[in-house]
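Peer 1: build me a model:
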Amino acid sequence: MTRIPRADPAPLPLTAAEDRRTLLRTAYGRFPSGVVAIAAMDGDRPICMVASSFVAVSMEPALVAFCVQWTSKTWSRLNRAPRLGISVLGDGQDGAARRLASRDESKFDGIGHCATAEGAVFIEGAAAWFDCSIANVLDAGDHGFVLLTLDSLSLSPSVEPLVFHASEFRRLGVRNLDRTALKSG
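Peer 2: Prediction:
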């Protein structure tokens, strides 16, 4: 008989958590993710929010998504934009990520960016850029799940992506730790 070891530590039911929100934030933070700047023109000024919830959804049709907190004032403005620019921030852009995530009206000062004729804004030096339009926004509790149609893209293969893990910005580490796992699948 095979003995299955007990999980360590023992699972904590959410109903027993002293501070459920902190526990969830810590648990969710155990999953590393990329960091994107979501930006568009609002009149003659660029506006931006930063998210670590970006995900590829579908190849056909080309769809991507991110999650946004309903209380975001920036989202209420971005939501009206005809096009959104998604910039996958590069590993040297942690300072830009912090600045673009701030509420500072001059957050774009000193950060290279460009805008398309349709109003999508892209951050220079990113690992990838996606020009998108909003396909749907779904209710997901205290957040919205924003589904985007990908209209065009551009890549910078020499730029590694910025990573967010355990509430800190990080860089990618060693590649292909276990090459045998790739061969056995």
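Peer 1: quick one: residues contacting residue 32.
Peer 2: 163-165, 170 (Cβ atoms under 8 Å, 6 or more residues apart in numbering). C-betas here are computed from N, CA, C, even on glycine.
Peer 1: turn those into JSON lines, columns for secondary structure and pLDDT.
Peer 2: Shown next, in JSON lines, are those (DSSP: H, G, I helix; E, B strand; the rest coil; pLDDT from 0 to 100):
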{"residue": "163", "secondary structure": "strand", "pLDDT": "93"}
{"residue": "164", "secondary structure": "strand", "pLDDT": "91"}
{"residue": "165", "secondary structure": "strand", "pLDDT": "86"}
{"residue": "170", "secondary structure": "strand", "pLDDT": "87"}
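Peer 1: separation between residue 58 and residue 149?
Peer 2: 10 Å (Cβ to Cβ, to the nearest Å).
Peer 1: contacts for stretch 40-58, please.
Peer 2: Taking Cβ under 8 Å, 6+ apart as the rule, stretch 40-58 contacts 33-39, 63-68, 72, 74-75, 77-78, 81, 83-86, 88-89, 97, 100-101, 107-108, 113, 115, 119-121, 147, 164.
Peer 1: for this structure, just list every one of the strands.
Peer 2: 33-34, 36-42, 45-51, 55-58, 63-69, 84-88, 113-115, 121-123, 128-140, 143-155, 163-165, 168-170 (DSSP state E).
Peer 1: does anything pack onto the shortest one? Which helices or strands?
Peer 2: By that I understand strand 33-34. strand 163-165 (3 or more Cβ pairs under 8 Å, 6 or more residues apart in numbering; DSSP states H and E).
Peer 1: partners of residue 139 in the sheet?
Peer 2: Beta-bridge partners for residue 139, by DSSP bridges, are residue 144.
Peer 1: neighbours around it, how many?
Peer 2: Per other Cβ atoms under 10 Å, the neighbour tally for residue 139 reads 9.
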